[in-house]
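J.: next comes the sequence, and after it the predicted model I'd like to discuss.
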Amino acid sequence: MAKSKDQSFVASLKTNYGNLHLPKITYGKTTHVKKLDYDAWSFEANMDVSSYLCVKSDAQNHQIKFYFYCIEDYYSIYLLTNGLYHRQALSNENKDFIGAFPPDRNQTTFNLLDDRGRIVTLDQLDSDHKKIRIQTRGGKTLSVRGNTTVGGLVCTESAKAKPLEFTLDILNRGAV
């Protein structure tokens with residue numbers, strides 16, 4: 001696999017539904033919400049969303065920066081925060097929800113899509129401010145679902161989710 005420092009970059013992201021945040025950073029404590037798919041036969045009605053990537057219109061802007069590490073035409077995405085979750089990977093290891101996890105071989109990798117749905121890398125982005133979609137390397141578009149106290153939960157596409165459009169603001173091209 002070809003790794004490319006030239007195609008790697010640091011950016012901030014916003015969405016068409018609000019600002020991205022991690023509840024543990026935003027609220028400074030473990031955060032639970034009612035399970036989105038709660039059924040009466042389940043043992044637990046709540047789920048810990050402290051490390052889940054969420055979207056909320058009134059969340060602090062630019063709480064997280066993202067490091068996009070390029071491998072061929074896909075990216076591993078790492079969190080750049082002040083302290084907690086710094087350098088952890090975005091991945092969908094808990095059902096379809098995207099959260100912060102220690103990097104490993106099983107972490108999710110992503111493709112960036114332009115406005116025509118084509119896979120693009122940094123060299124194909126002609127400005128540092130672009131609207132994109134992000135999908136897993138398996139082809140599932142990042143979406144949002146639920147309306148909880150922490151906002152919507154970022155997930156891979158599902159019947160109950162709405163696709164996210166991201167505004168990418170590139171802060172550093174060719175980042176290590």
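T.: Alright, I've got the coordinates.
J.: residue 88 and residue 101 touch, don't they?
T.: Yes - counting by C-beta atoms under 8 Å, residue 101 is a contact partner of residue 88 at 5.9 Å. For the C-beta atoms, the positions are set from N, CA and C on the backbone; glycine is no exception.
J.: packing partners for whichever strand in the chain runs longest?
T.: Secondary structure assigned by DSSP state E gives strand 3-15 as the longest strand of the chain. Here strand 3-15 touches strand 65-71, strand 166-173, going by 3 or more C-beta pairs under 8 Å, 6 or more residues apart in numbering; DSSP states H and E.
J.: now these as TSV including distance to residue 119 and mean pLDDT?
T.: Listed next are the helices and strands packed on strand 3-15 as TSV, based on distance: least, C-beta to C-beta, whole Å; pLDDT from 0 to 100:
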stretch	distance to residue 119	mean pLDDT
strand 65-71	12	95
strand 166-173	14	95
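J.: redo those as TSV? Include distance to residue 124 and mean neighbour count.
T.: Below are the helices and strands packed on strand 3-15 laid out as TSV (distance: least, C-beta to C-beta, whole Å; neighbours: other C-beta atoms under 10 Å):
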stretch	distance to residue 124	mean neighbour count
strand 65-71	12	19
strand 166-173	12	16
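J.: dump the ones you listed to JSON lines, plus distance to residue 37.
T.: What follows is the helices and strands packed on strand 3-15, written out as JSON lines (distance: least, C-beta to C-beta, whole Å):
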{"stretch": "strand 65-71", "distance to residue 37": "28"}
{"stretch": "strand 166-173", "distance to residue 37": "25"}
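J.: enumerate every residue touching residue 112.
T.: Neighbour list for residue 112: 68, 75, 119, 120, 121, 132, 133, 134, 168 [criterion: C-beta atoms under 8 Å, 6 or more residues apart in numbering].
J.: wait, which of these is closest to residue 47?
T.: Nearest to residue 47 out of the contacts of residue 112 is residue 134 (C-beta to C-beta; 23.0 Å).
J.: pretty sure the closest one contacts residue 166?
T.: Yes - using C-beta under 8 Å, residue 134 is in contact with residue 166, at 6.1 Å.
J.: shared neighbours, these two?
T.: With C-beta under 8 Å, 6+ apart as the test, residue 134 and residue 166 both reach residue 142.
J.: pLDDT weak spots in this structure?
T.: In the predicted model, the chain carries pLDDT under 70 at residues 1-3, 38-42, 94, 176.
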